[in-house]
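>>> Any chance you could fold what I've pasted below:
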Amino acid sequence: MESINEKMALLNKYGAQQYNLKEKLQNTAIQLSMLKEKYDEAKIDADERIPNFFMVNEAKAAEKKSYPIRSLIVIMAAVCTFVFSLLALLVNEKINLIKSSSKQ
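Coordinates of the predicted model:
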């Protein structure tokens, strides 16, 4: 019984410290592996020969010329004009109502 009590006393004294050190060791190992991966990537990037220019795609003439859709532009302009006119009429009516109520 005394040996068990002694072991329990040791665990109480050093158990939390041992657990803390174990967690720190695991975190450090994870960080080390991440840093090694980043180092390897940086080394590959540094050793790689980069060309002076990048050709994305060759330029080609379009098969069919593209134009803006005129009907869509006209319809949108007409709708915007109509909405703006309605707002102007509503504001004008409100102003007239306020003027007429203030005269009385």
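
>>> Just after the lowest-mean-pLDDT helix or strand in the chain, pick out the following helix or strand.
Least confident helix or strand, the chain: helix 2-47 with a mean of 87, by mean pLDDT, DSSP states H and E. Beyond helix 2-47 in the direction of the C-terminus, DSSP states H and E gives the next helix or strand as helix 70-103.

>>> can you list the domains in this structure?
In terms of domains, the chain is parsed into 1-49, 68-104 (source: automatic domain parsing).

>>> now the least confident helix or strand of the chain: how far from the chain's centre is it?
Between the mean C-alpha point of helix 2-47 and the mean C-alpha point of its chain there is a distance of 33 Å (Cα atoms, centre = their mean, to the nearest Å).

>>> pLDDT of stretch 73-92, averaged?
Stretch 73-92 shows a mean pLDDT of 97.

>>> can you start the count at 167 instead of 1 from here on
In the new numbering, first residue 167, that becomes stretch 239-258.

>>> Run through who's touching that stretch.
The set of residues external to stretch 239-258 that reach it, using Cβ atoms under 8 Å, 6 or more residues apart in numbering, is empty. The way it works is simple: take the backbone N, C-alpha and C, and place the C-beta from them, glycine included.

>>> Show me how far it is from its chain's centre.
Distance of stretch 239-258 from its chain centroid, counting by Cα atoms, centre = their mean, is 37 Å.

>>> For it, C-alpha coordinates in PDB please.
Once side chains and other backbone atoms are set aside, the C-alpha atoms of stretch 239-258 remain, and they are given as PDB (Å, rounded to 0.1, in the frame of the first residue of the first chain):
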ATOM      1  CA  ILE A 239     -29.900  49.100 -73.600                       C
ATOM      2  CA  VAL A 240     -33.000  50.800 -74.900                       C
ATOM      3  CA  ILE A 241     -35.400  48.800 -72.600                       C
ATOM      4  CA  MET A 242     -33.300  49.600 -69.600                       C
ATOM      5  CA  ALA A 243     -33.100  53.300 -70.400                       C
ATOM      6  CA  ALA A 244     -36.900  53.400 -70.900                       C
ATOM      7  CA  VAL A 245     -37.600  51.600 -67.600                       C
ATOM      8  CA  CYS A 246     -35.200  53.900 -65.700                       C
ATOM      9  CA  THR A 247     -36.800  57.000 -67.300                       C
ATOM     10  CA  PHE A 248     -40.200  55.700 -66.300                       C
ATOM     11  CA  VAL A 249     -39.200  55.100 -62.700                       C
ATOM     12  CA  PHE A 250     -37.400  58.400 -62.400                       C
ATOM     13  CA  SER A 251     -40.500  60.200 -63.800                       C
ATOM     14  CA  LEU A 252     -42.700  58.500 -61.200                       C
ATOM     15  CA  LEU A 253     -40.400  59.500 -58.400                       C
ATOM     16  CA  ALA A 254     -40.400  63.100 -59.700                       C
ATOM     17  CA  LEU A 255     -44.200  63.100 -59.800                       C
ATOM     18  CA  LEU A 256     -44.500  61.700 -56.300                       C
ATOM     19  CA  VAL A 257     -42.100  64.300 -54.900                       C
ATOM     20  CA  ASN A 258     -44.000  67.100 -56.700                       C
END
